[in-house]
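# quick one, fold the following:
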Amino acid sequence: MPVKDKMFQPGAILHEVIVGTLRSAGTSLEAWCEKNGVHPSTARTATHGQSGGDKGQALLQRLIDDAGPELVLAVYRKRMILEARKPEGAAA
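As a prediction, the model looks like this:
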């Protein structure tokens, strides 16, 4: 399912979720990048929303698809709930 159909906000949390789900699958962002011919900094700019054009969105979608879209969504939702529950002014 395309990223735009989900409630993902590119940024640090989405990046951490994607990295974590790749790790839980026994790989890493760097290994994914090497396998897919993508420079790691390019992948990071996509997950952080710094390349929001068509290519950046397509790369982000590939990352989410390969990390497991259902797992990414579940972990992302949980992280967002935890962030919302943090007291105002609490450190990240």
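# so for the helix ranked longest in the chain, mean pLDDT?
Ranked by number of residues, the top helix in the chain under DSSP state H is helix 69-85. pLDDT averaged over helix 69-85 equals 94, rounded to a whole number.
# who does it touch, helix- and strand-wise?
helix 12-24 (3 or more Cβ pairs under 8 Å, 6 or more residues apart in numbering; DSSP states H and E). From N, CA and C alone the C-beta is placed, and that goes for glycine too.
# can you list contacts of the helix it packs on?
8, 28-29, 31-32, 44, 47-49, 63-64, 66-68, 71-72, 75-76, 79-80, 83, 92 (Cβ atoms under 8 Å, 6 or more residues apart in numbering).
# what is the burial count for residue 59?
19 (other Cβ atoms under 10 Å).
# next one: the nearest residue to it once chain neighbours are set aside from residue 88, what distance?
Taking Cβ to Cβ, 6 or more residues apart in numbering, and ignoring the residues beside it in sequence, residue 59 has residue 46 as its nearest neighbour in space, at 4.3 Å. Note on residue 46: its distance to residue 88, by Cβ to Cβ, to the nearest Å, is 30 Å.
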